[in-house]
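Trainee: Sharing a model that was predicted from the sequence below.
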Amino acid sequence: MSTRREILTGLIAALLSVLILGGSLVAANSEIGATVAQVSVPSPSLTAVPTQIILVTPRPGEPTYTPSPSPVPSSTPTEALAACPPPAGWMAITVQAGDTLESLAQTYNTTTQVLRQANCLPSNTIYPGMRLYVPGTPPPSEIPCGPPSGWVYYIVQPGDTLYSLSRIYGVSVAELQVANCMGSSTTIRVGQKLFVPNVAPIYTATFTLEPSVTPTPEPSASPTLIPPSLTPT
């Protein structure tokens, strides 16, 4: 009886030992698995997030926006000028400040239509620095002014006019204007210096009519009539 009890007690003790040992092994395996799991977990990678396009639907009655296309760069005036051959005999000039197509046409004795066609211009608009082709005939130069050789100074006196000086010195008014760079003006002033020919002045004699003396009639003596007296003497 005691032997059975001892055997039963030993079996129970052995069973408890096995259970305790098994629990320890299970706990150890759990810790090792967790560690391995932590080590083997890959680091999070960056994932591209697709861009969301939000479409806004306009309310009824609101204007819709339509993007305009980008303007295509046009060719520069220099390229257009190079691609537009000028007529034979024409020359290139540079547009100056204040020039217009009308003024250039007048200067070079042509028309704005001819200039536009020769330079392939879309309009009459030009700007300073632009190169244009114009007829090869240069514009007429200004008439040089100044006194001819041998002319001398003359001081304008009271009563002088350009016409009277032209008569005195035997030249035309136009010659005096060119010699003194007066343009088309005929205005001169007292004390002004003018170039005139170095010749003796030709004065025209003027006659002044003196007023005739008109005699003043003197009153003549008239007899005085005395009426006769009515008183008897």
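Mentor: On my side now, so go ahead.
Trainee: domain ranges for the chain?
Mentor: 77-134, 152-196 (automatic domain parsing).
Trainee: right, so of these, which gets closest to Leu19?
Mentor: domain 77-134 (99.0 Å; Cβ to Cβ). In short, each C-beta sits where N, CA and C put it, glycine included.
Trainee: Now do the SS call for Phe195.
Mentor: strand (DSSP: H, G, I helix; E, B strand; the rest coil).
Trainee: Strands of the protein, start to end?
Mentor: 91-94, 131-134, 152-155, 193-196 (DSSP state E).
Trainee: Can you check which of those gets nearest to Ala14?
Mentor: Nearest of the strands of the chain to Ala14, taken as Cβ to Cβ: strand 131-134 at 115.9 Å.
Trainee: wait, what's in contact with the spatially closest residue to Pro148 that is not a sequence neighbour?
Mentor: Excluding its sequence neighbours, the residue lying closest to Pro148 (Cβ to Cβ, 6 or more residues apart in numbering) is Ala179, at 6.5 Å. Applying Cβ atoms under 8 Å, 6 or more residues apart in numbering to Ala179 gives the contacts 145-148, 151, 195-196.
Trainee: ok, of the residues you listed, which come out buried?
Mentor: Neighbour-count burial (16 or more other Cβ atoms under 10 Å) is assigned, among the contacts of Ala179, to 147, 151, 195-196.
Trainee: Let me know the closest of those to Gly129.
Mentor: Using Cβ to Cβ, Pro147 comes nearest to Gly129 of the buried ones among the contacts of Ala179, at 40.3 Å.
Trainee: Would you mind confirming that that closest one makes contact with Gln177?
Mentor: No - taking contacts as Cβ atoms under 8 Å, Pro147 lies outside contact range of Gln177: 11.6 Å.
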